[in-house]
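next input, structure requested:
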Amino acid sequence: MISNIRLPNAYTLIELETIGSTMDEAKRLADLGEAETPDGTIVWAKEQTAGRGRRGSSWISPRGNFYASLVLRPDVPLTQAAEIGFVAGLAIYDTIGELSDPGYDCRLKWPNDVLLNDRKLGGILMESKAGAKGNVDYVILGLGINLMHYPKDTDFPATSFTEEALVIPDVTFLESFARHFLDWMSRWVDNGFGPVRDHWKWRAKGLGAEIEVRLEGETLKGVFSDLDPSGALELTVDGKTRKISAGAVFFPSAKPT
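Okay, here's the model as predicted:
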């Protein structure tokens, strides 16, 4: 275990060598209650044996990458919980900007992926539980970032920091992300989703361009025209706008050959 990790006082760190899933462990701890597992608890593991991504997909989790899940207890309606994914995206973007050299192109891919040089570097997974009167009991925010390794056979091309000739230790990434996430969460709490949405949009990949969105049983092609005030993707198809709350986005230049 590492004893000299420098995190803001708002966090409680649980450091593990190996775990099935940091998401599952964070959820188990969150269910114990706020007194036992306060807001800002981070479950960080060097390796996952049963990591998972969106829609129940497996997340390959070899030692050397970054895997963490945060327990968050914001005092907001459950309908606003998804906004935290955009907050986390901005924090990862700023972390990469701080730790990488000039010339690397980082973009945010709707809804919760992070791209480096047009390839997927990592992703964000969120699960939430309702509390009293429709408010949030807790949100589990999961992060998987490819520091050293990345999967080769994926629908969307992937990469890692090492593949892009960057060496970023997991402790360094954790410390930087924790600071940036705390900053963006404070802005979200103080000013709402509007400023977060505006900042996310100018960091987004494909905004204003043609994209492909794969839904359950349907694939749509159109222009990514905007991000609506709830965080839904607005896709303009044949002059009509359709709001999409969940789906997989692909870009013409990133489609597998």
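
switch to C-alpha atoms for all contacts and neighbour counts from now on
OK.

got the contact list for A82?
126, 231 (Cα atoms under 8 Å, 6 or more residues apart in numbering).

next one: phi and psi at it?
A82 adopts backbone torsions of phi -60, psi -20, taken as degrees, to the nearest 10.

which residues in the stretch 151-257 of the chain form strands?
210-215, 218-227, 233-237, 240-244, 248-250 (DSSP state E, counting those that start in this stretch).

can the ones you listed go into CSV with extra columns for distance to G40 and mean neighbour count?
Output for the strands of the stretch 151-257 of the chain, formatted as CSV (distance: least, Cα to Cα, whole Å; neighbours: other Cα atoms under 10 Å):
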stretch, distance to G40, mean neighbour count
strand 210-215, 33, 18
strand 218-227, 28, 17
strand 233-237, 29, 21
strand 240-244, 30, 14
strand 248-250, 29, 20
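
got those as CSV, with mean pLDDT and distance to V114 columns?
Shown next, in CSV, are the strands of the stretch 151-257 of the chain (pLDDT from 0 to 100; distance: least, Cα to Cα, whole Å):
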stretch, mean pLDDT, distance to V114
strand 210-215, 96, 16
strand 218-227, 96, 17
strand 233-237, 97, 16
strand 240-244, 96, 19
strand 248-250, 95, 12
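
can I get those strands in TSV with distance to G123?
What follows is those, written out as TSV (distance: least, Cα to Cα, whole Å):
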stretch	distance to G123
strand 210-215	17
strand 218-227	19
strand 233-237	17
strand 240-244	19
strand 248-250	12
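
to R63, which of the ones you listed lies closest?
R63 lies closest to strand 248-250 among these, at 26.9 Å (Cα to Cα).

how far does the closest one sit from its chain's centre?
15 Å (Cα atoms, centre = their mean, to the nearest Å).

neighbouring strands - and their directions - for it?
strand 210-215 (antiparallel) (DSSP bridges).

where do the helices of this protein begin and end?
Under the criterion DSSP state H, the chain carries helices at the ranges 22-30, 83-99, 170-191, 193-202.

tabulate those helices (a markdown table), appending mean neighbour count and mean pLDDT.
A markdown table is the format used below for these (neighbours: other Cα atoms under 10 Å; pLDDT from 0 to 100):
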| stretch | mean neighbour count | mean pLDDT |
| --- | --- | --- |
| helix 22-30 | 21 | 97 |
| helix 83-99 | 21 | 97 |
| helix 170-191 | 17 | 98 |
| helix 193-202 | 16 | 97 |
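
what's the closest of those to E234?
helix 193-202 (12.1 Å).

please save the CA atoms from that closest one in PDB.
In PDB, the C-alpha atoms belonging to helix 193-202 read as follows (Å, rounded to 0.1, in the frame of the first residue of the first chain):
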ATOM      1  CA  PHE A 193     -25.400  22.000 -15.000                       C
ATOM      2  CA  GLY A 194     -25.500  25.000 -17.400                       C
ATOM      3  CA  PRO A 195     -21.800  26.000 -17.100                       C
ATOM      4  CA  VAL A 196     -20.700  22.300 -17.000                       C
ATOM      5  CA  ARG A 197     -22.700  21.700 -20.200                       C
ATOM      6  CA  ASP A 198     -21.100  24.700 -21.900                       C
ATOM      7  CA  HIS A 199     -17.600  23.600 -21.000                       C
ATOM      8  CA  TRP A 200     -18.300  20.000 -22.000                       C
ATOM      9  CA  LYS A 201     -19.600  21.100 -25.400                       C
ATOM     10  CA  TRP A 202     -16.400  22.800 -26.500                       C
END
